[in-house]
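> kindly return the folded structure for what I paste below:
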Amino acid sequence: MVLEYANQFAMTIDNILLLSEITKAAQIDGLTQIYNRTHFFKNAQELFENVKENNTLAALMIDVDLFKLVN
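I've put the predicted structure just below:
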């Protein structure tokens, strides 16, 4: 009985770790290894909520010219 609970607990921990890895992989571009727009939109909501409280916002957008040729 205790062994069954231990196995279920171990499987739950494994699933949590896998979900964490999948979530991270979904937010990082495979070619450049930098965060993609999924990560941006996830964090943008939190940043805009902070702006509502503090009335302070700064943004930096970087566009790499002709990156499609590399991609």
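> pLDDT weak spots in the chain?
Within the chain, the ranges that satisfy pLDDT under 70 run 67-71.
> now the strands: where do they sit in it?
Remark: no strands are assigned in the chain by DSSP state E.
> the longest helix in the protein is where?
Identified as the longest helix of the chain according to DSSP state H is helix 2-26.
> what's near enough to touch the residue nearest to Val51 when sequence neighbours are not counted?
Excluding the flanking residues, the one nearest Val51 by CB to CB, 6 or more residues apart in numbering is Leu57, at 4.6 Å. Heads up, the C-betas are built off the backbone N, CA and C, glycines and all. Applying CB atoms under 8 Å, 6 or more residues apart in numbering, one finds that Leu57 lies in contact with Leu47, Phe48, Val51.
> tell me who's in contact with the first one.
Right, Leu47. So Leu47 contacts Leu57 (CB under 8 Å, 6+ apart).
> how far away is it from Thr56?
Distance, Leu47 to Thr56, by CB to CB, to the nearest Å: 10 Å.
> circling back to that earlier point, hmm, who's touching the longest helix of the chain?
Under CB under 8 Å, 6+ apart, the answer for helix 2-26 is Thr38.
> just the buried positions in that helix, please.
For helix 2-26, the neighbour count (16 or more other CB atoms under 10 Å) marks no residue as buried.
> which parts of stretch 39-54 are buried?
Neighbour-count burial for stretch 39-54 flags His39 (criterion: 16+ other CB under 10 Å).
> so how many other residues sit close to Tyr35?
If you count neighbours by other CB atoms under 10 Å, Tyr35 ends up with 14.
> so it touches Ile28, yeah?
Yes - here Tyr35 lies in contact with Ile28, judged by CB atoms under 8 Å, at a distance of 6.1 Å.
> now the farthest one out in the protein, which residue is it?
Distance to the chain centre peaks in the chain at Met1, reaching 37.7 Å (criterion: CA atoms, centre = their mean).
> distance of that residue relative to Asn7?
11 Å.
> got any residues that touch both of these two?
With CB under 8 Å, 6+ apart, Met1 and Asn7 have no common neighbours.
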